[in-house]
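Enquirer: Everything below, folded, please.
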Amino acid sequence: MIRLRPRPIALALMVAFPSVLIGMTARGQATPGPRPLEEIVVTARRLDLEVQAQVTAALREDRYANDRHVTVNVRNGIVTLEGFVTDEWDLRALRRAASKVAGVKKVVNNLDLVLGGE
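Expert: Okay, here's the model as predicted:
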């Protein structure tokens, strides 16, 4: 039979923070249980809608980008730009403006480049 000795660090943590062992906060309140999945999904969707509004506003405010034919979609912080632009400069400016918004993890470019406005 193998006996495991408790590590001194683990013992010190258990003595210093007994509230972790019994599920209490430092103020003596019970720690909240796990949140329901629906609440997490709704919260994530709300954050995506906020990021989408911020990215759309940032694209409209950027004086170097033409966003008339661009749609912004956000899922889990990943921004997808869809539509078309008529200049590579607009394409770069749109990607740059979208990537500067707080909460954007990645910008996916699904924009078509139509040269000469054709």
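
Enquirer: For residue 83, grab phi and psi.
Expert: Note on residue 83: its backbone torsions stand at phi 130, psi -150 [degrees, to the nearest 10].

Enquirer: hey, what's it bridged with?
Expert: residue 70, residue 111 (DSSP bridges).

Enquirer: I figured it hits residue 72, correct?
Expert: No - in this structure, residue 83 is not within contact of residue 72 by C-beta atoms under 8 Å, at 9.2 Å. The way it works is simple: take the backbone N, C-alpha and C, and place the C-beta from them, glycine included.

Enquirer: who has more neighbours, the two?
Expert: residue 72 (23 against 14; other C-beta atoms under 10 Å).

Enquirer: On the secondary structure side, give me the element for the more buried one.
Expert: If you go by DSSP states H and E, residue 72 is part of strand 70-75.
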